[in-house]
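Colleague: coords please:
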Amino acid sequence: MSDIEARFAQAQKDSVALTQRPDNSTMLKLYALYKQATHGDVSGDAPGSFDFIRRAKFDAWSAIKGTTAETAMQQYIDLVDSLRR
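Modeller: Numbers count the residues shown, from 1 in each chain. A predicted model of the protein is given here:
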């Protein structure tokens with residue numbers, strides 16, 4: 001496991017242990033970065049506009065399409081670190 005992968009795994013654990021739940025937009029950003037880092041670009045059709053939660057997740061992930069896995073991992077790590085302060 002590379003250094004960034006180890007720090008990404010630790011950031012995942014740290015995100016679960018946050019003392020305060022982040023706001024919805026931050027949660028969507030965490031979700032999108034995690035998915036981009038672990039699955040790559042979003043694929044498939046967007047959920048219907050009345051499926052609010054799945055559509056918001058899809059749109060957040062789609063917004064960072066093209067971001068490399070390493071960059072997504074680093075942004076995830078940085079975001080979790082900022083939430084821990």
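Colleague: For the chain, identify the residue most remote from the centre.
Modeller: residue 50 (22.6 Å; CA atoms, centre = their mean).
Colleague: what's the model's confidence in stretch 34-43, averaged?
Modeller: On average, the pLDDT along stretch 34-43 is 98.
Colleague: What are the contacting residues of that stretch?
Modeller: Under the contact criterion CB atoms under 8 Å, 6 or more residues apart in numbering, stretch 34-43 has outside partners 8, 12, 58, 61-62, 64-67, 69, 72-73, 76. For the C-beta atoms, the positions are set from N, CA and C on the backbone; glycine is no exception.
Colleague: Could you do stretch 60-78 as well?
Modeller: 4-5, 7-8, 11, 28-38, 40-42, 46.
Colleague: how about the helices of the chain, start to end?
Modeller: 3-16, 24-39, 52-62, 69-84 (DSSP state H).
Colleague: Turn those into a markdown table, columns for mean neighbour count.
Modeller: Putting the helices of the chain into a markdown table (neighbours: other CB atoms under 10 Å) gives the following:
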| stretch | mean neighbour count |
| --- | --- |
| helix 3-16 | 14 |
| helix 24-39 | 18 |
| helix 52-62 | 15 |
| helix 69-84 | 17 |
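Colleague: quick revisit: how far away is the residue farthest from the centre of the chain from residue 40?
Modeller: Noted for residue 50: a distance of 27 Å to residue 40, by CB to CB, to the nearest Å.
Colleague: Check residue 13 too.
Modeller: With CB to CB as the criterion, residue 13 and residue 40 are 23 Å apart.
Colleague: Check residue 64 too.
Modeller: Per CB to CB, residue 64 is found 11 Å from residue 40.
Colleague: the more surrounded of the two?
Modeller: Counted by other CB atoms under 10 Å, residue 64 and residue 40 do not tie: residue 64 has more neighbours, with 18 against 14.
Colleague: for that one, phi and psi?
Modeller: Dihedral pair for residue 64: phi -110, psi 20, per degrees, to the nearest 10.
Colleague: hang on, the earlier thing: ok, the residue farthest from the centre of the chain to residue 31 distance?
Modeller: Relative to residue 31, and taking CB to CB, residue 50 is found at 20 Å.
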